[in-house]
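J.: can you look at this prediction? I've put the sequence above it.
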Amino acid sequence: MRIIGPPSASLEKVMFNLNIDTNGVHPRFVNEMVNPLWDAAIKYTIDPVGVIAQAYKETGMGNYTGKVKPEFFNTCGLKVRYQNLNFTEYANPQPLLGDQPLAHAMFASWQVGAIAHVQHLRIYAGWPVDDIILDPRYTYITNKWCENFEDLSGKWAPALDYGQKIVEIARRLQA
């Protein structure tokens, strides 16, 4: 499933399939997150179905069961710019590593978080952004890594089946 491209399903189809999903989709996912993700994906020529599928996976269907909290408005687990920066001499007793809350980027709204998410995907696909960069890790991606969502495996996340799981979710949203 290609990252760069038009929508592989309609927004209505995706919303319908999310609303019949009985796996515990949080209302915030459908009511607050989907439209900003869709709009950002369209603006940056990314397949919005793949973006929504990735956000679905990364946020636990909008339930945010990990260290990232909904008030971060982070739809994809995007890390901060200086991930290994150690703030132990300040108020934080832990370095900013791994799955700690402060290792993740925080955004002002779902719209801003969605744009950062999509900009990160766009640069992963080797397509630069000609706009204000909201992705805090944008400059760390220096070459084309991924043409398809499946290619994100082992790159965006360490899991070797990460991209395949996104595509499985996307296929359910397209059905």
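T.: Yep, it's here.
J.: dead centre of the chain: give me the residue that sits there.
T.: Centroid-nearest residue in the chain, with CA atoms, centre = their mean: residue 76, separated by 2.8 Å.
J.: isn't that one right up against residue 118?
T.: No. With contact defined as CB atoms under 8 Å, residue 76 does not count as touching residue 118 (9.0 Å). The C-beta positions use only the backbone N, C-alpha and C, and glycine is treated the same way.
J.: pLDDT weak spots in the chain?
T.: The model of the chain has pLDDT under 70 over residues 22, 81-102, 144.
J.: scan the protein for its longest helix.
T.: helix 110-124 (DSSP state H).
J.: and that one, what other elements does it pack with?
T.: The helices and strands touching helix 110-124, judged by 3 or more CB pairs under 8 Å, 6 or more residues apart in numbering; DSSP states H and E, are helix 34-43, helix 48-58.
J.: kindly recompute the last result at 6 Å.
T.: Contact partners of helix 110-124 among helices and strands, from 3 or more CB pairs under 6 Å, 6 or more residues apart in numbering; DSSP states H and E: helix 34-43.
J.: hmm, back to that, ok, then the element right after the longest helix of the chain?
T.: Sequence-wise, the next helix or strand downstream of helix 110-124 (DSSP states H and E) is helix 162-174.
J.: can you give me the buried ones in that next one?
T.: Neighbour-count burial for helix 162-174, counted by 16 or more other CB atoms under 10 Å, picks out 162, 163, 165, 166, 167, 169, 170, 172, 173, 174.
J.: which one among these gets closest to residue 145?
T.: residue 163 (11.2 Å; CB to CB).
J.: who are the contact partners of that closest one?
T.: 149, 150, 151, 152, 153 (CB atoms under 6 Å, 6 or more residues apart in numbering).
J.: likewise for residue 42?
T.: Counted by CB under 6 Å, 6+ apart, residue 42 has zero contacts.
J.: hmm, 10 Å instead?
T.: 6, 7, 11, 48, 51, 118 (CB atoms under 10 Å, 6 or more residues apart in numbering).
J.: likewise for residue 113?
T.: 33, 36-37, 40, 55, 72-76, 78, 105-107, 134.
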